[in-house]
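Trainee: Pasting a predicted model and its sequence here:
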Amino acid sequence: MASKEEFFASLTPSSIEPTPMPEVAVVTLDAPPREHFIEVLEGVGGRLGQGDDLGDVKKRAAELVSQNLQVLSLMEGVEGNRDPSAVRDPHELKDVDYTIAPARLAVAENGSVWISGEDLVTRNAVFICEHLIAVVDENRITGTMSEAVRRLGKLGGGWGVFISGPSKTADIEQALVMGAHGARSMTVYVLRGV
Amino acid sequence: MKIALFIPCLVNHFYPEIARDTLELLEKLGHGVSYTQGQTCCGQLMTNSGCLDQARASVEALGKALLKEPCDAVVAPAASCVVAARENLERLTSFEDFHSLAGKIFELTEFLHDIAPLDHPLKPLRKTVSLQMSCHGLRQLGLGTASELVVARPVNKLQALLSRIPELTITQPSRDECCGFGGTFSVDERDISGKMANDKVADHLATGAEAIVGYDPSCLMSLGGVVSRKGIPLEVMHFSALLNQVT
Amino acid sequence: MSQTHARKVETFAADEARVDWHSAALLALRDKRDLQAKSLPQWEQMRESASRMKLYVLSHLPELLEQFTSNCEANGMEVHWARDAKEHNEIVASILKERGKKKLVKSKSMLTEEVHLVPHLEKHGIECIETDLGERILQLREEPPSHIVVPAIHLKKEEIGELFHEKIGTQAGASDPTYLTHAARESMRQEFLSADAAMTGVNMAIADEGAFVVCTNEGNADMGAHLPDLHIAVMGMEKLVPDADSAALLMRMLARNATGQPSTSYNSIFGAPRPGCELHIVIVDNGRSLRMADRRHAEIYKCIRCGACINTCPVYRRGGGHSYDYFIPGPIGLAIAGDNPEANSEAWACTLNGSCNNVCPVKVPLRETIAYHREQLAQQKQLPYHKNAYMPLAGKIFGSPRGLSMAMTAVRVGLRIMPQILQRRIGGWSKSRDFPKPPAESFAHWYRKNRGE
Ligand code: SF4
């Protein structure tokens, strides 16, 4: 095994002429972000939550709980029936039906939401569940991925994920199937801004 | 303009009518056209297989033959040969005159579209043709905008030329995919090459056209080979034949 | 010397209906890609920026590697260095063994195919589970992938149904993709829950952040990485990008160009291990820097593995991914490894039509690189298809106007007198095409007669 020094010493100098870093344009979109986001979200197999107020999310959570489903809510002010503070190990979440999580950003061009590890009890909470509900403020919708990444600020030192619709695969004869390994469905509530 | 014809070896020996149509067409358009004997191959057969050294003699002989008559432009009715001649004269020879010669070789479509734009009145022709946009012309010479590219205003120079013929109906196959000729590829990879040619002919046939019309004789030879083998009711022709007929 | 590519395609090509089915599946990806690309008017500028950004990276690798490493270390990750495949595999095995790990779940990584990691770990008694559905299907079939993005594109659902029936107990005769996918989900869930280590690849390594991006549709990379207390990410050193803006640019293009989706379902950005867990990164050279020392070969490392050049390749679509010698098929595979004299016909499995160049999001000069490999093999007299013998002869004949004229005349006359029935039996060209009907005289002859000198 090589040390870092040995590795660097073994590198043959690149033949590519020193090329300056180009301007990487941060593209913005003209379309109104909310409508655009919803349209693309539905195109990638996601659903728009019914209602645009936190109260609607609460109602939905209560409904799910009343159906005897396992609901893990990581959203402040929304009650599930699993205690997030009791989670010690991600394996414990294997029977979760619904995870409700706050999204810090949404991206119109690809219908994705940004979920930060800081808002989850454990990173796997948004993958291991059967269904995912994300909640985002409409003022936090950006046009493109480049704008979103600019707004996120520092990426090192933490973890986060852009999620665009449910987990999916087309590995069998290119037939699109939702629910490969992660959540089978993805619902996003877009809350009216204050 | 004073034009020297470059007639590639395949056209010279197997499709002399393409050369004659090109000659007559350019003359009708008012150009002074000459042809010099002793032209060889653009070197493509060898360079396509990486054999640059083996191509040098042929490219030099071609250069010499083309330099015999002074001219404003060299015009050839074969796109891939033009690409190869330009490239090979540049990279395989060190003679200045060959390098400047390379800069004035044009494929017939690009000559009539860009260099000496066709503005002659043309006779009507009632026919439906399907355009064979062969790859070298399409992607190396820019005779059209390839389907992969995102361009606000796509161009198609062959279509632009032919659409000047009254009553001619112009169609195109659903894809601008390679016809599978590829030089020695057509022999080395006979299965894939044959399948590609068959698929291409089927795509042309599906347009409902009576004829396949293109600017690259080698690709047309391959498609013509399928048409003949299968007895398909399609004419296969170089576009110079159409233009010569209506000029 | 391995079999020629033309020989290797024979079986696949013989089943024309299957070829058409295979080709159509890939063309559907190409069409979806076109729609997505065309939805962004700045697409061509994005390609140019991405290409130049990658050239910047490849011409500043040592600095960027240093920067990436120190930032990752500051973020609590551990970075390892592998000069070649052997070192890579030893590093991974020792990380796992030192911690007593027995079962590794891994997401798709072309690098681990390149270095043959799985057999190495299995020798050390470590069980490896591929978690991408396509890769898992092939692992169960003990077969290599036939495509880098859609690895099981060559298989019919009935074949997968049979395989699953035998291996994971689905109903006999069942072949519905939804049913099969969900059965795999259940079976794989058990594997995820019982694994004690996870491995992922890296799509973009962000130097100034000390973070990396992993893109999947299935969520398998995340499902794997966020359960056990050990995550190993492996990357070829060309995966670096300078900053988050550059990563965002590539994220905007990758899925659009690969499968025609606006994004993969998951773009996961790892900038630190989970509290109490370990995150290791293995950075690999394995011949990259050597290839990059050759300017005409170097730009293959701009590649972001979107697979679009493969989808558009008319030869790949009709010959299948298993017709290639190198584990990466199609244009990018030929551009990387087409100079291998052991598989010298590979570089000729291409018509140089150039569609691949045009779909490439980072403008890898695929066509030119493949043509370059032909030159290299010609120099080494390693030409396939009898070219070593006939090319020098062709060069001589074509180099002499008289010789060329005589040879062509001979062919013309030959074809005029040979009955078509015999012509059709020559093979090669005439397997599916007739020869042209040769004219009585050449143009040069006609011109001399009719126009004088
Ligand atoms: S060479 Fe270009 S098109 Fe091909 S896989 Fe790589 S990035 Fe994609």
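Mentor: It's in. On a predicted model such as this, the values are computed, not experimentally measured, just so you know.

Trainee: and residue 121, how many residues sit next to it?
Mentor: Using chain A here. Applying the criterion other CB atoms under 10 Å in any protein chain shown, we find 21 residues in the vicinity of A:Val121. No exception for glycine: its C-beta is placed from N, CA and C like everyone else's.

Trainee: wait, chain C
Mentor: Using other CB under 10 Å, the number of residues around C:Leu121 comes to 22.

Trainee: before we move on, what about A:Glu63?
Mentor: By other CB under 10 Å, neighbour count at A:Glu63 equals 11.

Trainee: do A:Met1 as well
Mentor: A:Met1 is flanked by 14 other residues according to other CB under 10 Å.

Trainee: now do C:Val315
Mentor: 28.

Trainee: That one against C:Ala347, yeah?
Mentor: No: counting by CB atoms under 8 Å, C:Val315 sits too far from C:Ala347 to count as a contact (11.8 Å).

Trainee: quick one, phi psi at the residue nearest in space to the middle of chain A?
Mentor: Ranked by distance to the mean C-alpha position of chain A (CA atoms, centre = their mean), the top residue is A:Ile163 at 3.3 Å. Backbone dihedrals for A:Ile163, given as degrees, to the nearest 10, come out at phi -110, psi 120.

Trainee: Then C:Ala82?
Mentor: phi -130, psi 120.

Trainee: What sits closest to it if chain neighbours are left out?
Mentor: The spatially closest residue to C:Ala82, leaving aside those adjacent along the chain, is C:His88, at 3.7 Å (CB to CB, 6 or more residues apart in numbering or on different chains).

Trainee: same deal with C:Gly399?
Mentor: Using CB to CB, 6+ apart, the closest residue to C:Gly399 is B:Ala57 (2.6 Å).

Trainee: Regarding the one you found, which helix or strand does it belong to?
Mentor: helix B:52-67 (DSSP states H and E).

Trainee: Which SSE is immediately downstream of that helix?
Mentor: Heading C-terminal from helix B:52-67, the first helix or strand you meet, by DSSP H and E, is strand B:73-76.

Trainee: quick one on the thing from earlier: please tell me the pLDDT value assigned to the residue nearest to C:Gly399.
Mentor: pLDDT, the model's per-residue confidence, is 94 for B:Ala57.

Trainee: ditto for A:Val194
Mentor: The predicted local distance difference test score for A:Val194 is 62.

Trainee: Test my guess that the residue nearest to the centre of chain A contacts A:Ile115.
Mentor: Yes: applying CB under 8 Å as the test, A:Ile163 and A:Ile115 come out as touching, 6.3 Å apart.

Trainee: what touches both of these two?
Mentor: When contacts are counted by CB atoms under 8 Å, 6 or more residues apart in numbering or on different chains, A:Ile163 and A:Ile115 are jointly contacted by A:Val126, A:Ala134.

Trainee: residues near the residue nearest to C:Gly399, how many?
Mentor: By other CB under 10 Å, 20 other residues sit near B:Ala57.

Trainee: That one: what's it in contact with?
Mentor: Shown here is B:Ala57, whose contacts under the criterion CB under 8 Å, 6+ apart are C:Gly395, C:Lys396, C:Phe398, C:Gly399, C:Ser400.

Trainee: From C:Phe398, how far out is it?
Mentor: For B:Ala57, the distance to C:Phe398 (CB to CB, to the nearest Å) stands at 7 Å.
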